[in-house]
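Asks: okay, predicted coordinates and the sequence, questions at the end:
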Amino acid sequence: MDNVADDFYRELPKVELHAHLNGSVSFQTMEKVMKRKPHLNIEHHMTAIGKGQRRSLDECFQVFKVIHQLVDTQEDILMVATDVIKEFAADGVKYLELRSTPREETKTGLNKKNYVETVIGAIQQCKEEGVDIDVRFLVAIDRRNGSEVAMETVKLAEDFMLSADGLVVGLDLSGDPTVGHGKDLLPALQRAKNGGLKLSLHLSEVASQLEESELLLGLPPDRIGHGTFLHPDVGGSQSLVDKVTKNNIPIELCLTSNIKGQTVPCYSQHHFKYWYQLGHPSVICTDDKGVFSTDLSQEYQLAAATFGLDQQAVWALSKQAIDCIFAPEALKQQLRQKWTELQPRVLK
Ligand code: 6MZ
């Protein structure tokens with residue numbers, strides 16, 4: 001991580017709704033995984049993008065391939081998942097929705113089912129250890145893998161939604177946005193929605209995806225990841241914006257990720273401004289805190305510094321994120337209570 005946020009932002013209770021497990025692995029955890037596999041000759045500059053550095057989005061996806069080479073056993077998944085959860089908790093995150101794409105590695109015995117079981121095991125282990133954070137899991141579909149795999153993933157998610165004590169709450173659609181087309185994945189996403197899984201879909205992360213975004217917004221999803229090119233000032237359309245606002249679909253906004261991945265030219269031009277000024281539910285998230293060398297406190301501080309938010313506004317922003325979580329109303333109430341209790345200490 002490049003910087004440390006000021007006390008206010010670290011003490012601020014926070015909700016993280018957009019965190020890809022393998023993109024969230026810290027330098028320290030990466031060090032441990034690398035030691036387990038010295039023969040791979042993977043170094044830190046291959047798994048994270050440091051301060052002031054930028055890569056094309058395509059290069060970011062190469063980074064994930066390297067991380068997947070390193071994190072390829074159940075032991076690895078358990079270690080990275082528990083470390084990631086504890087790091088979010090240490091950063092003041094009180095509720096986390098972690099997402100990850102189930103993977104198969106024949107040579108290590110990893111399969112999609114035991115992958116999900118292992119992540120769930122990590123969540124349960126952290127709970128048993130008394131880590132101060134509530135965690136839920138979103139099963140991810142990598143769009144590059146096509147419609148059949150998407151449907152299998154939905155079935156897997158459905159099974160776990162019923163069997164994992166309410167820990168699996170939804171489905172994520174992610175992966176390289178330039179590969180594949182959302183229309184092929186519609187039947188799987190529709191099935192997931194009908195079956196009660198909440199949907200968080202990466203939409204318009206790159207330009208010129210109006211048709212796909214229109215189609216996917218028709219579902220409609222329960223949250224949107226990025227939505228960078230939805231609004232008309234950047235080549236999107238008013239009709240897309242109207243669909244998002246009419247259905248009040250919260251947007252997960254990841255500032256540093258979009259700058260380092262070069263889909264947004266600079267912080268001041270980040271689309272957070274557009275949606276926040278509309279009064280639309282906008283949730284600050286990290287995306288991949290390991291790959292982009294950041295944490296959620298820093299992302300809040302960056303948003304505040306860039307867009308001139310005072311502490312009251314930052315508090316309201318973090319509290320509003322509770323409305324957007326996929327866990328049931330009872331947990332939302334508990335979190336609101338927690339915010340109320342912490343307010344006098346944090347918001348001085
Ligand atoms: C789209 C992304 C992403 O699933 O192995 N992922 N998908 N856009 C992004 N913006 C930078 N960042 C991460 O975590 C890594 C996977 O998450 C998705 C990609 O599918 C990546 O392979 P898991 O835990």
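Replies: That came through fine. Note that this is a predicted model, so its numbers are computed, not measured. Numbering: from 1, shown residues only.

Asks: kindly report the residues of the stretch 151-300 of the chain close to the ligand.
Replies: 174-175, 202, 205, 257, 261, 287-288 (C-beta under 6 Å from any ligand atom). Using the backbone N, CA and C atoms, a C-beta is placed for each residue, glycine as well.

Asks: so which of those residues are in helices?
Replies: Members of these lying in helices (criterion: DSSP state H): Ser257.

Asks: quick one: the strands in the stretch 151-300 of the chain?
Replies: Assigned by DSSP state E, counting those that start in this stretch, the stretch 151-300 of the chain shows strands spanning 168-174, 198-203, 223-226, 251-253, 282-284.

Asks: redo those strands as a markdown table? Include mean neighbour count and mean pLDDT.
Replies: Output for the strands of the stretch 151-300 of the chain, formatted as a markdown table (neighbours: other C-beta atoms under 10 Å; pLDDT from 0 to 100):
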| stretch | mean neighbour count | mean pLDDT |
| --- | --- | --- |
| strand 168-174 | 26 | 98 |
| strand 198-203 | 25 | 98 |
| strand 223-226 | 26 | 98 |
| strand 251-253 | 25 | 98 |
| strand 282-284 | 25 | 98 |
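
Asks: output those strands in CSV, with distance to Asp242 appended to each entry.
Replies: Formatted as CSV, these follow (distance: least, C-beta to C-beta, whole Å):
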stretch, distance to Asp242
strand 168-174, 22
strand 198-203, 14
strand 223-226, 14
strand 251-253, 14
strand 282-284, 17
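
Asks: show me which pair in the residues of the stretch 151-300 of the chain next to the ligand is furthest apart.
Replies: The distance between the two most remote of those (C-beta to C-beta) is 14.5 Å, for Gly175 and Ser257.

Asks: these two: who's more crowded?
Replies: A count of neighbours by other C-beta atoms under 10 Å puts Ser257 above the other of Gly175 and Ser257, at 27 against 19.

Asks: now that one: closest residue in space, sequence neighbours ignored.
Replies: Sequence neighbours aside, Asp287 is the residue nearest to Ser257 in space, at 3.7 Å (criterion: C-beta to C-beta, 6 or more residues apart in numbering).

Asks: give me the below-cutoff pLDDT ranges for this protein.
Replies: 1-2 (pLDDT under 70).

Asks: one step back: roughly how far does the residue nearest to Ser257 sit from Lys35?
Replies: From Asp287 across to Lys35, the span is 26 Å (C-beta to C-beta, to the nearest Å).

Asks: could I get the buried residue list for stretch 122-142?
Replies: For stretch 122-142, a neighbour-count test (16 or more other C-beta atoms under 10 Å) marks 122-123, 126, 131, 133-142 as buried.

Asks: distance between that stretch and the chain's centre?
Replies: How far stretch 122-142 lies from its chain's middle: 14 Å, per C-alpha atoms, centre = their mean, to the nearest Å.
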